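*Asks:* could you look at this predicted model? Sequence included:
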Amino acid sequence: MRAFGDFTNEQMRYDSAEIAILPVPYDGTSTWIKGADRGPDAILDASYNLEFYDIETATEVYKRGIATLEPVTEASSPEAMADEVERRMETILHDGKFPVLIGGEHSVSIGAFRAMARRYPNLSILQLDAHSDMRDEYEGSACNHACVMARAKELTPNITQVGIRSTAREELHNIDTKRTFYAHRIAEDDEWQERVSTQLGDEVYITIDLDVFDPAYLPSTGTPEPGGLTYREVMGLLKRIVREHRVVGIDIVELCPTPMAKASDFLAAKLIYQFLSELYAAKPPKG
Ligand SMILES: [Mn+2]
(Lines give C-alpha, C1' and ligand atoms only; values in the text may rest on other atoms or scores of the structure.)
Protein backbone atom coordinates (compact mmCIF):
# COMPACT_ATOMS: atom_id res chain seq x y z
CA MET A 1 0.00 0.00 0.00
CA ARG A 2 1.17 3.52 -0.76
CA ALA A 3 1.91 5.85 2.15
CA PHE A 4 2.67 9.54 2.63
CA GLY A 5 6.46 9.99 2.67
CA ASP A 6 9.21 7.37 2.68
CA PHE A 7 9.68 7.34 6.43
CA THR A 8 10.71 4.42 8.63
CA ASN A 9 8.10 1.92 9.80
CA GLU A 10 8.39 3.40 13.27
CA GLN A 11 7.64 6.91 11.97
CA MET A 12 4.59 5.58 10.07
CA ARG A 13 3.18 3.42 12.88
CA TYR A 14 -0.41 4.40 13.69
CA ASP A 15 -0.20 3.81 17.44
CA SER A 16 2.53 6.38 17.98
CA ALA A 17 1.81 8.79 15.08
CA GLU A 18 0.36 12.21 15.89
CA ILE A 19 -0.89 12.66 12.31
CA ALA A 20 -3.18 10.31 10.35
CA ILE A 21 -3.66 10.53 6.57
CA LEU A 22 -6.97 9.07 5.34
CA PRO A 23 -7.18 8.49 1.56
CA VAL A 24 -10.68 8.55 0.06
CA PRO A 25 -10.33 7.68 -3.64
CA TYR A 26 -13.94 8.44 -4.51
CA ASP A 27 -15.22 9.99 -7.74
CA GLY A 28 -18.89 9.06 -7.90
CA THR A 29 -20.46 12.47 -8.46
CA SER A 30 -18.05 14.64 -10.47
CA THR A 31 -19.70 16.29 -13.43
CA TRP A 32 -16.92 17.37 -15.79
CA ILE A 33 -13.41 15.87 -15.89
CA LYS A 34 -13.32 12.44 -14.22
CA GLY A 35 -10.34 11.00 -12.35
CA ALA A 36 -10.40 12.39 -8.79
CA ASP A 37 -10.43 8.76 -7.59
CA ARG A 38 -6.75 8.65 -8.64
CA GLY A 39 -5.98 11.77 -6.58
CA PRO A 40 -4.87 10.10 -3.32
CA ASP A 41 -2.37 7.78 -5.04
CA ALA A 42 -0.94 10.70 -7.04
CA ILE A 43 -0.46 12.76 -3.85
CA LEU A 44 1.16 9.83 -2.03
CA ASP A 45 3.46 9.10 -5.00
CA ALA A 46 4.49 12.77 -5.21
CA SER A 47 5.13 12.92 -1.46
CA TYR A 48 8.20 10.66 -1.87
CA ASN A 49 9.91 13.53 -3.67
CA LEU A 50 9.50 16.05 -0.85
CA GLU A 51 12.41 17.21 1.26
CA PHE A 52 11.28 16.38 4.78
CA TYR A 53 13.13 19.31 6.36
CA ASP A 54 10.94 22.43 6.17
CA ILE A 55 12.91 25.62 5.48
CA GLU A 56 10.40 28.16 6.79
CA THR A 57 9.90 26.55 10.21
CA ALA A 58 13.31 24.81 10.38
CA THR A 59 11.49 21.65 11.52
CA GLU A 60 11.08 17.98 10.58
CA VAL A 61 7.41 17.37 11.25
CA TYR A 62 7.58 13.70 10.15
CA LYS A 63 9.27 12.97 13.48
CA ARG A 64 5.83 13.44 15.09
CA GLY A 65 4.81 10.31 13.17
CA ILE A 66 2.68 10.39 10.01
CA ALA A 67 0.58 7.25 9.51
CA THR A 68 -1.28 6.56 6.27
CA LEU A 69 -4.48 4.59 6.83
CA GLU A 70 -6.18 2.03 4.60
CA PRO A 71 -8.23 3.94 2.00
CA VAL A 72 -12.00 4.27 2.30
CA THR A 73 -13.33 1.93 -0.42
CA GLU A 74 -17.10 2.29 0.13
CA ALA A 75 -18.41 3.65 -3.18
CA SER A 76 -21.88 2.13 -3.59
CA SER A 77 -23.48 5.59 -3.24
CA PRO A 78 -22.37 9.09 -2.14
CA GLU A 79 -24.45 8.65 1.03
CA ALA A 80 -22.83 5.30 1.96
CA MET A 81 -19.38 6.75 1.28
CA ALA A 82 -20.13 9.77 3.51
CA ASP A 83 -21.24 7.44 6.34
CA GLU A 84 -18.02 5.43 6.07
CA VAL A 85 -15.83 8.59 6.05
CA GLU A 86 -17.71 9.80 9.14
CA ARG A 87 -16.99 6.53 11.01
CA ARG A 88 -13.32 6.55 10.01
CA MET A 89 -12.88 10.21 11.03
CA GLU A 90 -14.55 9.51 14.37
CA THR A 91 -11.99 6.78 15.06
CA ILE A 92 -9.08 9.08 14.19
CA LEU A 93 -10.44 11.79 16.52
CA HIS A 94 -11.10 9.25 19.26
CA ASP A 95 -7.50 8.05 18.96
CA GLY A 96 -6.23 11.62 19.37
CA LYS A 97 -4.62 11.96 15.94
CA PHE A 98 -4.71 15.00 13.69
CA PRO A 99 -6.75 13.96 10.61
CA VAL A 100 -5.68 14.79 7.05
CA LEU A 101 -8.25 13.52 4.57
CA ILE A 102 -7.15 13.31 0.94
CA GLY A 103 -9.72 12.99 -1.89
CA GLY A 104 -11.31 12.17 -4.09
CA GLU A 105 -13.91 14.69 -5.14
CA HIS A 106 -15.38 17.19 -2.75
CA SER A 107 -18.29 15.03 -1.54
CA VAL A 108 -15.72 13.09 0.56
CA SER A 109 -15.71 16.05 2.98
CA ILE A 110 -19.34 15.60 4.07
CA GLY A 111 -18.66 12.70 6.44
CA ALA A 112 -15.68 14.59 7.88
CA PHE A 113 -17.84 17.67 8.56
CA ARG A 114 -20.33 15.51 10.49
CA ALA A 115 -17.68 13.85 12.66
CA MET A 116 -16.01 17.20 13.36
CA ALA A 117 -19.22 19.08 14.16
CA ARG A 118 -20.27 16.39 16.64
CA ARG A 119 -16.95 16.58 18.46
CA TYR A 120 -16.63 20.39 18.36
CA PRO A 121 -20.05 22.03 18.86
CA ASN A 122 -18.70 25.52 18.03
CA LEU A 123 -16.82 24.36 14.95
CA SER A 124 -15.93 26.84 12.21
CA ILE A 125 -15.39 25.51 8.70
CA LEU A 126 -12.99 27.35 6.41
CA GLN A 127 -13.51 26.43 2.77
CA LEU A 128 -10.95 27.28 0.08
CA ASP A 129 -12.56 26.69 -3.30
CA ALA A 130 -13.34 28.23 -6.68
CA HIS A 131 -16.97 27.15 -6.29
CA SER A 132 -19.46 27.93 -3.56
CA ASP A 133 -20.87 24.32 -3.57
CA MET A 134 -24.10 25.57 -1.96
CA ARG A 135 -26.73 23.79 -4.06
CA ASP A 136 -29.40 22.12 -1.94
CA GLU A 137 -29.07 19.03 -4.11
CA TYR A 138 -27.66 18.15 -7.51
CA GLU A 139 -28.32 15.29 -9.93
CA GLY A 140 -30.58 13.56 -7.44
CA SER A 141 -28.20 13.50 -4.47
CA ALA A 142 -27.79 15.77 -1.46
CA CYS A 143 -24.24 14.37 -1.14
CA ASN A 144 -23.11 15.53 -4.60
CA HIS A 145 -19.85 17.50 -4.80
CA ALA A 146 -21.86 20.59 -5.77
CA CYS A 147 -23.73 20.47 -2.43
CA VAL A 148 -20.98 19.95 0.14
CA MET A 149 -21.16 23.38 1.72
CA ALA A 150 -24.96 23.28 1.91
CA ARG A 151 -24.48 20.12 4.01
CA ALA A 152 -21.84 21.90 6.10
CA LYS A 153 -24.25 24.76 6.72
CA GLU A 154 -26.76 22.36 8.26
CA LEU A 155 -24.10 21.48 10.87
CA THR A 156 -22.70 24.91 11.74
CA PRO A 157 -23.49 28.53 10.84
CA ASN A 158 -19.77 29.36 11.07
CA ILE A 159 -18.70 28.86 7.49
CA THR A 160 -16.23 31.10 5.68
CA GLN A 161 -15.68 30.71 1.94
CA VAL A 162 -12.45 31.87 0.30
CA GLY A 163 -11.42 32.12 -3.36
CA ILE A 164 -14.93 31.78 -4.77
CA ARG A 165 -15.38 32.73 -8.43
CA SER A 166 -18.20 30.47 -9.63
CA THR A 167 -21.76 30.31 -8.27
CA ALA A 168 -25.10 29.27 -9.75
CA ARG A 169 -28.13 31.48 -9.25
CA GLU A 170 -29.96 28.74 -7.33
CA GLU A 171 -27.20 28.75 -4.69
CA LEU A 172 -27.47 32.45 -3.88
CA HIS A 173 -30.06 32.01 -1.11
CA ASN A 174 -27.55 29.84 0.80
CA ILE A 175 -24.63 32.28 0.50
CA ASP A 176 -23.73 34.77 3.19
CA THR A 177 -21.79 37.42 1.27
CA LYS A 178 -20.24 38.75 4.51
CA ARG A 179 -18.60 35.39 5.01
CA THR A 180 -17.56 34.98 1.37
CA PHE A 181 -14.15 36.19 0.16
CA TYR A 182 -14.54 36.28 -3.60
CA ALA A 183 -11.36 35.84 -5.65
CA HIS A 184 -11.80 39.20 -7.42
CA ARG A 185 -12.06 41.00 -4.08
CA ILE A 186 -9.04 39.21 -2.61
CA ALA A 187 -6.99 40.51 -5.53
CA GLU A 188 -7.61 44.12 -4.45
CA ASP A 189 -7.65 43.77 -0.64
CA ASP A 190 -4.42 43.68 1.38
CA GLU A 191 -6.26 42.87 4.63
CA TRP A 192 -8.24 39.83 3.46
CA GLN A 193 -6.27 37.22 5.42
CA GLU A 194 -6.75 39.12 8.65
CA ARG A 195 -10.46 39.51 7.96
CA VAL A 196 -10.86 35.78 7.27
CA SER A 197 -9.12 34.94 10.52
CA THR A 198 -11.27 37.37 12.53
CA GLN A 199 -14.46 35.58 11.41
CA LEU A 200 -13.36 32.15 12.59
CA GLY A 201 -14.04 30.72 16.04
CA ASP A 202 -11.57 28.88 18.25
CA GLU A 203 -11.80 25.48 16.54
CA VAL A 204 -11.42 25.40 12.79
CA TYR A 205 -11.75 22.61 10.24
CA ILE A 206 -10.25 23.45 6.84
CA THR A 207 -11.51 22.03 3.55
CA ILE A 208 -9.33 22.78 0.53
CA ASP A 209 -10.71 22.15 -2.93
CA LEU A 210 -7.52 22.38 -5.00
CA ASP A 211 -9.39 24.32 -7.68
CA VAL A 212 -9.03 27.34 -5.36
CA PHE A 213 -5.59 27.65 -6.96
CA ASP A 214 -5.28 29.37 -10.28
CA PRO A 215 -5.03 26.72 -13.04
CA ALA A 216 -1.58 28.19 -13.84
CA TYR A 217 -0.46 26.70 -10.50
CA LEU A 218 -2.64 23.62 -10.48
CA PRO A 219 -4.21 22.60 -13.81
CA SER A 220 -5.04 19.00 -12.76
CA THR A 221 -8.48 19.38 -11.26
CA GLY A 222 -11.98 18.37 -12.30
CA THR A 223 -13.50 21.82 -12.71
CA PRO A 224 -10.68 24.38 -13.32
CA GLU A 225 -11.57 28.08 -13.06
CA PRO A 226 -9.35 31.00 -14.09
CA GLY A 227 -8.57 33.87 -11.74
CA GLY A 228 -7.58 31.78 -8.73
CA LEU A 229 -5.18 32.12 -5.82
CA THR A 230 -1.41 31.64 -5.78
CA TYR A 231 0.43 29.09 -3.65
CA ARG A 232 1.83 31.89 -1.50
CA GLU A 233 -1.59 33.41 -0.91
CA VAL A 234 -3.01 30.08 0.25
CA MET A 235 0.01 29.23 2.43
CA GLY A 236 0.00 32.76 3.86
CA LEU A 237 -3.61 32.29 4.95
CA LEU A 238 -2.96 28.84 6.41
CA LYS A 239 0.03 30.10 8.41
CA ARG A 240 -2.08 32.83 9.90
CA ILE A 241 -4.96 30.48 10.77
CA VAL A 242 -2.71 27.95 12.56
CA ARG A 243 -1.19 30.78 14.62
CA GLU A 244 -4.51 32.35 15.60
CA HIS A 245 -6.83 29.33 15.95
CA ARG A 246 -6.90 25.68 16.89
CA VAL A 247 -7.06 23.79 13.61
CA VAL A 248 -8.68 20.40 14.31
CA GLY A 249 -8.52 18.76 10.89
CA ILE A 250 -8.05 19.36 7.19
CA ASP A 251 -9.01 17.84 3.86
CA ILE A 252 -7.43 18.33 0.44
CA VAL A 253 -9.70 17.29 -2.41
CA GLU A 254 -10.30 17.38 -6.17
CA LEU A 255 -6.86 16.53 -7.51
CA CYS A 256 -7.54 14.95 -10.90
CA PRO A 257 -4.06 13.80 -11.91
CA THR A 258 -2.79 13.93 -15.49
CA PRO A 259 0.46 12.05 -16.27
CA MET A 260 2.17 15.03 -17.93
CA ALA A 261 1.36 17.59 -15.20
CA LYS A 262 3.12 16.25 -12.09
CA ALA A 263 3.49 19.79 -10.73
CA SER A 264 -0.15 19.63 -9.58
CA ASP A 265 0.39 16.39 -7.66
CA PHE A 266 3.52 17.78 -6.07
CA LEU A 267 1.78 21.05 -5.13
CA ALA A 268 -0.86 19.04 -3.25
CA ALA A 269 1.78 16.95 -1.43
CA LYS A 270 3.85 20.00 -0.54
CA LEU A 271 0.79 21.93 0.62
CA ILE A 272 -0.02 19.13 3.07
CA TYR A 273 3.54 18.84 4.36
CA GLN A 274 4.11 22.57 4.67
CA PHE A 275 0.77 23.01 6.42
CA LEU A 276 1.69 20.25 8.91
CA SER A 277 5.10 21.86 9.45
CA GLU A 278 3.42 25.17 10.34
CA LEU A 279 0.77 23.46 12.48
CA TYR A 280 3.30 21.53 14.58
CA ALA A 281 6.04 24.17 14.70
CA ALA A 282 4.53 25.67 17.86
CA LYS A 283 3.07 22.49 19.40
CA PRO A 284 4.99 20.66 22.14
CA PRO A 285 5.49 16.94 21.31
CA LYS A 286 3.06 14.47 22.87
CA GLY A 287 3.92 12.11 25.67
MN1 LIG B 1 -14.51 23.53 -6.46
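*Replies:* Received it, and whenever you're ready, just let me know what you need.

*Asks:* make it CA atoms for all contacts and neighbour counts henceforth
*Replies:* Fine.

*Asks:* quick check: the residue of the stretch 51-200 of the chain found nearest the ion vs residue 145, distance?
*Replies:* As assessed by C-alpha to the ion, the ion sits closest to residue 131 within the stretch 51-200 of the chain, at 4.4 Å. Separation of residue 131 from residue 145 (C-alpha to C-alpha, to the nearest Å): 10 Å.

*Asks:* need the per-residue pLDDT for the residue of the stretch 51-200 of the chain closest to the ion.
*Replies:* Looking at residue 131, its pLDDT reads 97.

*Asks:* count the residues that sit near residue 13.
*Replies:* Residue 13 sits with 17 neighbouring residues when counted by other C-alpha atoms under 10 Å.

*Asks:* pull the contacting residues for the nearest residue to residue 202 once chain neighbours are set aside.
*Replies:* Closest residue to residue 202 apart from its sequence neighbours, by C-alpha to C-alpha, 6 or more residues apart in numbering: residue 245 at 5.3 Å. Contacts for residue 245 were tallied using C-alpha atoms under 8 Å, 6 or more residues apart in numbering; they are 200, 201, 202, 203, 204.

*Asks:* for residue 275, same thing?
*Replies:* Listed by C-alpha under 8 Å, 6+ apart, the contact set of residue 275 reads 235, 238, 239.

*Asks:* and the residues you listed, which are buried?
*Replies:* Buried by 16 or more other C-alpha atoms under 10 Å: 238, 239, out of these.

*Asks:* near the ion, which of the contacts of residue 275 show up?
*Replies:* Among the contacts of residue 275, no residue is within reach of the ion (C-alpha under 5 Å from the ion).

*Asks:* would you confirm that residue 71 contacts residue 21?
*Replies:* No - with contact defined as C-alpha atoms under 8 Å, residue 71 and residue 21 do not form a contacting pair (9.2 Å).

*Asks:* who has more neighbours out of the two?
*Replies:* For residue 71 and residue 21, the more surrounded residue by other C-alpha under 10 Å is residue 21, and the numbers stand at 26 against 21.

*Asks:* hang on, residue 63 is in a strand, isn't it?
*Replies:* No - under DSSP: H, G, I helix; E, B strand; the rest coil, residue 63 falls outside any strand and is assigned helix.

*Asks:* so what's the nearest residue to it once chain neighbours are set aside up against?
*Replies:* Leaving out its chain neighbours, the residue that sits closest to residue 63 by C-alpha to C-alpha, 6+ apart is residue 11, at 6.5 Å. Shown in contact with residue 11 (C-alpha under 8 Å, 6+ apart): 17, 62, 63, 64, 65, 66, 67.
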